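**Student:** Show me the folded form of this:
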Amino acid sequence: MLPKDRHEVIEHALWSKGLRKASPQAATWLSLVAYLRHAYTDYDQLLSEGYSHEQARYFCMRELENVLERIGCKQMP
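**Tutor:** Here you go, the predicted structure:
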């Protein structure tokens with residue numbers, strides 16, 4: 001993960017309206033997962049091909065897990 005990536009994750013965690021009520025840890029985790037899903041998987045391509053959000057998440061889950069492992073996240077909380 002690049003320094004730019006870290007900045008994007010932190011900014012999203014701090015300013016996302018949907019995460020305002022989340023704990024700092026939860027907001028950071030959710031921001032990280034969302035960012036990596038968009039930046040490092042085929043998620044957006046699947047959406048553009050007409051898959052629903054749930055379907056796209058399902059089909060890119062293994063790819064996302066691989067990215068998380070590469071950056072040192074052993075498992076999802």
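**Student:** which element is the nearest residue to Ala56 once chain neighbours are set aside on?
**Tutor:** Using C-beta to C-beta, 6 or more residues apart in numbering and skipping residues adjacent in sequence, the residue nearest Ala56 is Leu46, 3.8 Å away. (Each C-beta comes from the backbone N, C-alpha and C, glycine too.) Element membership for Leu46, per DSSP states H and E: helix 43-48.
**Student:** Check the secondary structure at Leu14 for me.
**Tutor:** In three-state terms, and counting by DSSP: H, G, I helix; E, B strand; the rest coil, Leu14 is helix.
**Student:** Any stretches of this protein with poor pLDDT?
**Tutor:** Under the criterion pLDDT under 70, the flagged ranges of the chain are 1, 74-77.
**Student:** Distance of the residue nearest to Ala56 relative to Ala22?
**Tutor:** Leu46 sits at a distance of 26 Å from Ala22 (criterion: C-beta to C-beta, to the nearest Å).
**Student:** For the two, indicate the residue with more neighbours.
**Tutor:** In this view Leu46 and Ala22 are compared by other C-beta atoms under 10 Å, and Leu46 has more residues nearby, 18 against 15.
**Student:** Would you agree Cys60 is in contact with Ala39?
**Tutor:** No: with contacts counted by C-beta atoms under 8 Å, Cys60 stays clear of Ala39, the gap being 11.6 Å.
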